[in-house]
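**Q** mind folding the following:
(one chain, ligands or ions: 1)
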Amino acid sequence: MSARRPALDGRRILVVGAGVAGLAVVRALHGLGAQIEVVERAPAPATGGAGIFLPANAVRGLRLLGLEDAVLGSAVRIGRQVVADHRGRVLYQVSTDTLWQGIAPTVATHRAALLGALLDGAGDVKIRWGTSPESIVPDGPEVGVALDDGASGRYDLVVGADGAHSTVRRLAFGDAGLRHSGLHAWRLLAPRGDTEPVWSVRLGRGVSFLTFPIGPDLVYHYGDVHADDAAAGLDGLVARFGAPVPEVVAAATVAHSGPLEEVSLASWSRGPVLLVGDAAHATTPNMAQGAAMAFEDALVLADVLRRTASIPDALREYEERRRPRVERVQQQTRRRDGTRGLHPAARDVLLRAAGERLFHANYRGLHAAP
Ligand SMILES: Cc1cc2nc3c(=O)[nH]c(=O)nc-3n(C[C@H](O)[C@H](O)[C@H](O)COP(=O)(O)OP(=O)(O)OC[C@H]3O[C@@H](n4cnc5c(N)ncnc54)[C@H](O)[C@@H]3O)c2cc1C
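**A** Predicted structure coming up:
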């Protein structure tokens, strides 16, 4: 009896976007027999950016991709998550080891360090920097892609890993899916000083301010406000907190500022064009699940392509496996954003009484491997 031909044998795959999701896909597909090309709009690998918090299921994803050691070498292990009111009075706290029951450590790192490890993990796959798709035209079982550098090609699969404002989504799916969350965020970096290895957030009225170290010398801060209040800038956010937030912000440099967006689509594929990561299912960062979901997308995609004889069958199975988990994260994230946005008088009473239990419940569904 002849063995079934795996879906990837000799197939041509274009990955659009060399970010967290795209590079994880490249890594996960390594050795499966496909010819992989990557296009990335940025002219060169990222060296800037801010910090990123990686809960244990993200670290498990890195482990399954064979990249745990490469990332943990420069990351900070985070043992506790502390939620406080605007003056810093603790509402509840969670031990990350108890939360994740030994699945993996929870860590924080610089985004450039994470992307560097993923880029090394991509090996000798060709990345065309400074390039973006201009047209994507499905043609039977294949898809024709024209790039803005004048090149074009035909592929058996195009993976759109190009973020919340995905060009692949616009070209292949139309203008569907993107929604403003109603929040605006700032990401900042500052010298670490004596900051403990703890993730801590202060919740004010319609604002939050988050801090965690990302290396021996650097601390990351994140602040968000309702988009209606964003015009007042970072000063408007700072004014809603007491000491030490104003001093902390004064010592920091803004690495990024912008509205927070969500993506939600009825289907993640159109023929042989698939969206992964934020292009398919961006959320606000309230649960810090963006990288974890991107890694899991890559691992599940590789698994279904390894075991399935045709790309359409593989994409169907991919969506059946990923959708319940991703939608749960999106729903929980919205619920948590809603709780954060409650009037502090009600929110703080609720979180003091039930915050730790709710926090555990939010992540429980993510203990099982994807
Ligand atoms: C303020 C904020 C804080 C966050 N904090 C965390 C956190 O602590 N932990 C966490 O897990 N997640 C966090 N997230 C979410 C996380 O950043 C994303 O989920 C993650 O980066 C998704 O990766 P991605 O590769 O899908 O998209 P992106 O990181 O956006 O990468 C997309 C890549 O595609 C490229 N690209 C874009 N357009 C094109 C094009 N037309 N052609 C070619 N290339 C293109 C981009 O240059 C980029 O390299 C945060 C998000 C925000 C907004």
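**Q** Thr138: which element?
**A** Just so we're on the same page, residue 138 is Pro rather than Thr. strand 133-139 (DSSP states H and E).
**Q** how far does that strand sit from the chain's center?
**A** Between the centre of strand 133-139 and the centre of its chain there are 26 Å (Cα atoms, centre = their mean, to the nearest Å).
**Q** ok, stretch 39-46 next?
**A** Offset of stretch 39-46 from its chain centre (Cα atoms, centre = their mean): 18 Å.
**Q** buried stuff in that stretch?
**A** By 16 or more other Cβ atoms under 10 Å, the buried positions in stretch 39-46 come out as 39-41. All C-beta spots, glycine's among them, are computed from the backbone N, C-alpha and C.
**Q** ok, back up a step: buried residues, the strand holding Pro138. List them.
**A** For strand 133-139, by 16+ other Cβ under 10 Å, it's 133, 136.
**Q** after that strand, which helix or strand is next?
**A** That would be, after strand 133-139 and using DSSP H and E, strand 142-147.
**Q** which residues does that following strand contact?
**A** 14, 39, 128, 131-137, 152-158, 271-273 (Cβ atoms under 8 Å, 6 or more residues apart in numbering).
**Q** mind listing the strands the strand holding Pro138 pairs with, and their directions?
**A** Partners of strand 133-139 in the sheet, by DSSP bridges, are strand 142-147 (antiparallel).
**Q** so how far is the strand it pairs with off the chain centroid?
**A** The answer for strand 142-147 is 27 Å, by Cα atoms, centre = their mean.
**Q** buried subset of the contacts of strand 142-147?
**A** For the contacts of strand 142-147, a burial check counting by 16+ other Cβ under 10 Å picks out 14, 39, 128, 131-133, 136, 155-158, 271-273.
**Q** and the nearest residue to Lys126 once chain neighbours are set aside, what are its bridge partners?
**A** Distances taken as Cβ to Cβ, 6 or more residues apart in numbering place Glu37 nearest to Lys126, at 5.7 Å, with adjacent residues excluded. Per DSSP bridges, the residues bridged to Glu37 are Leu14, Lys126.
**Q** which ones are touching Glu37?
**A** Glu37 sits in contact with 12-15, 125-126, 128, 153, where contact means Cβ under 8 Å, 6+ apart.
**Q** how close does it get to the ligand?
**A** Counting by Cβ to the nearest ligand atom, to the nearest Å, the gap between Glu37 and the ligand amounts to 12 Å.
**Q** could you shift the numbering so residue one becomes 266, and keep it that way?
**A** Got it, the first residue is 266 from now on, which makes the last one we talked about Glu302.
**Q** ok, now which ones touch the most centrally placed residue in the chain?
**A** For the chain, Gly555 is the residue whose C-alpha lies nearest the centre (Cα atoms, centre = their mean; 2.2 Å). Contact analysis of Gly555 by Cβ under 8 Å, 6+ apart lists 285, 542-543, 547-548.
**Q** and the residue in the stretch 366-515 of the chain that the ligand sits nearest to, how many neighbours?
**A** Of all residues in the stretch 366-515 of the chain, Gly428 sits closest to the ligand, at 2.7 Å by Cβ to the nearest ligand atom. For Gly428, the neighbour count with other Cβ atoms under 10 Å is 22.
**Q** ok but it is inside a strand, no?
**A** No. Assessed with DSSP: H, G, I helix; E, B strand; the rest coil, Gly428 is coil; it does not lie in a strand.
**Q** contacting residues for it?
**A** Here Gly428 is in contact with 282, 284, 542-544, 547 (Cβ under 8 Å, 6+ apart).
**Q** cool, and Ala547?
**A** Counted by Cβ under 8 Å, 6+ apart, Ala547 has contacts 428-429, 526-528, 555.
**Q** farthest-apart pair in those residues, please.
**A** Distance extremes for the contacts of Ala547: the farthest pair is Gly428 and Glu527 at 12.7 Å, using Cβ to Cβ.
**Q** reformat the contacts of Glu302 as CSV; add distance to the ligand and pLDDT.
**A** Listed next are those as CSV, based on distance: Cβ to the nearest ligand atom, whole Å; pLDDT from 0 to 100:
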residue, distance to the ligand, pLDDT
Arg277, 17, 96
Ile278, 15, 97
Leu279, 10, 98
Val280, 9, 98
Val390, 15, 96
Lys391, 14, 93
Arg393, 9, 97
Gly418, 14, 97
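**Q** wait, which of those residues is closest to Arg292?
**A** Val390 (9.0 Å).
**Q** so the closest one touches Val304, yeah?
**A** No. Using Cβ atoms under 8 Å, Val390 makes no contact with Val304, being 11.5 Å away.
**Q** pull the longest helix from this protein.
**A** Determined from DSSP state H, the single longest helix within the chain is helix 576-605.
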